[in-house]
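In: compute the structure for the input listed below.
(chains A and B)
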Amino acid sequence: MANADTNSVYDAIVVGSGISGGWAAMELCKKGLKVLLLERGRDVRHIMDYPTANLNPWDFEYRLDNTPKFKAESPIQSTGADAGNAHFYVNDTEHSYLQDKPFFWYRGYQVGGRSLTWGRQCYRFSDLDFEANLKDGVAVDWPIRYKDIDPWYSYVERFIGVSGQKENLRQLPDGEYLPPMELSCIEHHLNDSIRKNNPGRLLTIARVANLTKGWDSRGPCMNRNLCSRGCPFGGYFSSNSSTIPAAMATGNLTLRPYSIVAEVLYDEASQKAKGVRVIDAETKESFEYHAKVIFLNASTIATAGILLNSKSHRFPNGMGNDSGELGHNLMDHHSSAGASGKHHGYKDMYYKGRRPCGFLIPRYRNLQPNEGLDYTRGFNIQGHGERSEWEDTMHDALGFGADFKNQITKPGPWTVWMAGWGECLPYHENKIRLNETAKDKWGLPLINVDFSFKDNETKMMDDIRKTSGEMLEAAGFTDIETFNYNKPGGSTVHEMGTARMGRDPKTSVLNGNNQLHAVKNVFVTDGSCMTSSASQNPSLTYMALTARACDFAVNELKKGNI
Amino acid sequence: MNRKTALKSIVAFVTLGVSSGALYEFLKPGEGLPVTSLPKKKELIAELAEMIIPRTDTPGAKDARVEDYIIKMITENTDAKAQKSFMAGLSSLEHYTYENYHQQFVQCNANQKNEIIKHFESKGTYSIGLLNKVSKKLLGPSFFNQLKDLTTVGYCTSFAGATKGMAYDFIPVNFEACIPLKKNQLAWATK
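Out: The predicted model follows:
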């Protein structure tokens, strides 16, 4: 498996095995193409390579605290990881990048990528999102509309298994759902209050790729809430549990871990890409693989980096970069602002099990033009309602001794924590670029990230803070604290936009089929392709766009167009 | 606001909130032993942890071997500043005990131990929450709060603490969203 023959001719090369790369590999394999899937990190086999999945807190050397070594070597990753999933995060020292402004780039260099540790939220975009740039005169118009992606959302949802509740909202279209997870007492209470006090607003259970019943030989979810360690029950969707095994089953997949793609190779004569140059991560040996079609799914920042590094006579500034937009328009949702509070009711009620998701209050701002707000676009609120347990009560409980012990070991008051996941506009100046001098240990240029949230995002955060607090207050919560954590960019791990889709090759990198305008056999279907961010968690959209682009690519191949 | 001004403003607030008059001592940097000497203090740490979370009808800190966790965390997984503060606090507690009770902490009776911990709690805790936050940010956590936090985490993530001191559900299977609280229901140990 690891010794993919360089003389073999593949029909397709997929770069990256994360959530979108896994989908590209599976779709292309199922359509009969011989596919080479390149992954820069190690192999992670479903179940077998989840070493922490069944460990108890006391089984870890420092309990769930990260080890001193990991914290020292990985100052960024260790802020997002714990001892249970640290092995699915990179070493920051070995895989460094440069921050022009603080930017947290969380990465998982292994087969499955970040699909192992993702948040599993699955929300469809709507035409409110696809039309937003055009209506606002911001950046460029999406080259697609909801009707173009709607069947592909369904296609993906049916395959991965998404639990959720239909709500019939224009701004958050319903999908094809397994039975929803259930709301807790306090979440029902908040939902009732929100619906009563704010016509048009509601609270619903999160829509997540956690299985509420067996699906595709996986699951169901056991409600352990340890997803990010890898699930031995296959209770949630990941490349490892789902798309890669399905691709393997076709007999058409070759998976090669430890394969760092340095560049896409351009053939001047045919005006197409002929393959990729790979550096073996372990031996540092460099070689080429050739194929008819190439899918880039290395993740937003890395994919743009590969294209910028793919220089030729035709593309001196990076492959497909005629517009000069490649690497620009970097976005990440903000999720810093919100509110929390306590509720003194329902004292005689509790729950059993650890539901692996929270609730969602779908977007309720700027659904109509001219709502009179001082910012454009919107946010959805995500949160959870539960009783305080020792991790919360230990900071409030005064004193020591038997009384203190009693306070932290008995169920505390019901609490709700919630925060707005907000849209970030595409700003040309938010960008990545290749450093001209600094190189990594494989001789590849380091990437500089230059990103900041701006006025529109800041004003939106103020409104999130205010309205979150108001909803809790109206529902009878006490001790309400509104907050803005002011987390740096990247913290929501929804980075996107560096090779945007658009209608005009002069202002965008990809067309409406995720094809490089100028190199028709190169497709980009990870977060790079996003023209705007909307406020929904984006992975479902990446998967749907990938499936759609694969269908298009295979048809074009058959027609001889690429 | 620089550190000095911030400290001054704490002092200005002190009359409102500090529960003991020992502010001078609180601000004075204590001298502690090197962290390598910590294993020798195991018995003392075990006694201190047991004062925070005693054995009742469920296991206490000693049953959960919290002292091993505290020593390991302070020695291997705590930044130098917090390490120093913990060591200084420990020395300070030993001195205080000797000066006032003329014996070691482990030899003190239950009342004396209680008085000693109370003294250190009052040194490190303001009755106004905001001041605790400010002081933690400027000076690091107080010795008492370090001890209390480490004991709590160590206990609640231990086998004895999680499975007997609280309710632990390794594989819940189902999520039951709204169920009546059982009599003497313990809190879930993990989220």
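
In: what lies in contact with the helix or strand bottoming out on mean pLDDT in chain A?
Out: The weakest-scoring helix or strand in chain A, judged by mean pLDDT, DSSP states H and E, is helix A:390-396 (a mean of 93). Helix A:390-396 is contacted by residues A:388, A:407-409, A:412, A:415, B:148-149, B:152-153, B:156, B:166, B:187, B:189, B:191 when judged by Cβ atoms under 8 Å, 6 or more residues apart in numbering or on different chains. For glycine as for every other residue, the C-beta is placed from the backbone atoms N, C-alpha and C.

In: only the buried subset of these, as a PyMOL command please.
Out: Applying 16 or more other Cβ atoms under 10 Å in any protein chain shown to the contacts of helix A:390-396, the buried members can be selected in PyMOL as follows:
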select buried, (chain A and resi 388+407+408+409+412+415) or (chain B and resi 148+152+153+156+166+187+189)
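
In: now, which of the contacts of helix A:390-396 sits nearest A:Met496?
Out: B:Lys191 (29.3 Å; Cβ to Cβ).

In: I'd say that closest one and A:His384 touch.
Out: No. Using Cβ atoms under 8 Å, B:Lys191 is not in contact with A:His384, being 9.2 Å away.

In: so of the contacts of helix A:390-396, which ones are in strands?
Out: A:Thr415 (DSSP state E).

In: which of the contacts of helix A:390-396 lies closest to A:Gln515?
Out: B:Lys191 (44.3 Å).

In: which stretches of chain B form strands?
Out: Ranges of strands within chain B are B:176-180, based on DSSP E.

In: re the thing from before, can you point out the buried residues in the least confident helix or strand of chain A?
Out: A:390, A:392-394.

In: and residue 60, how many neighbours?
Out: Unless you meant another one, I'm taking chain A. A:Phe60 has 18 neighbours, counted by other Cβ atoms under 10 Å in any protein chain shown.

In: oops, wrong one, chain B.
Out: Neighbours of B:Gly60 using other Cβ under 10 Å come to 23.

In: list the contacts for the closest residue to it other than its chain neighbours?
Out: Nearest residue to B:Gly60, sequence neighbours excluded (Cβ to Cβ, 6 or more residues apart in numbering or on different chains): B:Pro54, at 4.7 Å. Shown in contact with B:Pro54 (Cβ under 8 Å, 6+ apart): A:401-402, A:405, B:60-61.

In: 10 Å - rerun?
Out: A:400-402, A:404-405, B:60-63, B:110 (Cβ atoms under 10 Å, 6 or more residues apart in numbering or on different chains).

In: tell me the confidence at it?
Out: Turning to B:Pro54, the model gives it a pLDDT of 98.

In: likewise the one 4 residues further on?
Out: Residue-level confidence at B:Thr58 comes out at 98, pLDDT.

In: so it sits right up against A:Thr409, yeah?
Out: Yes. Using Cβ atoms under 10 Å, B:Thr58 makes contact with A:Thr409 at a distance of 7.2 Å.

In: where in chain B is pLDDT low?
Out: Chain B contains residues with pLDDT under 70 at B:1-31, B:125-139.

In: again, but for the stretch 51-200 of chain A
Out: Scanning the stretch 51-200 of chain A for pLDDT under 70 picks out no residues.

In: which residues of it lie near chain B?
Out: Proximity of the stretch 51-200 of chain A to chain B (Cβ under 10 Å from any Cβ of the partner chain) is limited to residues A:54, A:56-69, A:71, A:181-188.

In: need the buried ones from these selected in PyMOL.
Out: In PyMOL, this line selects whichever of those come out buried by 16+ other Cβ under 10 Å:
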select buried, chain A and resi 56+57+58+60+62+63+65+66+67+71+181+182+183+184+185+186+187+188
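
In: please enumerate the strands of the stretch 251-400 of chain A.
Out: A:253-256, A:259-267, A:272-280, A:286-296, A:337-343, A:349-352, A:359-361, A:379-387 (DSSP state E, counting those that start in this stretch).

In: quick one, which of the ones you listed gets closest to A:Asp92.
Out: Nearest to A:Asp92, of the strands of the stretch 251-400 of chain A and by Cβ to Cβ, is strand A:259-267 at 16.8 Å.

In: partners of the closest one, with directions?
Out: strand A:272-280 (antiparallel) (DSSP bridges).

In: pLDDT of the partner strand, averaged?
Out: 98.
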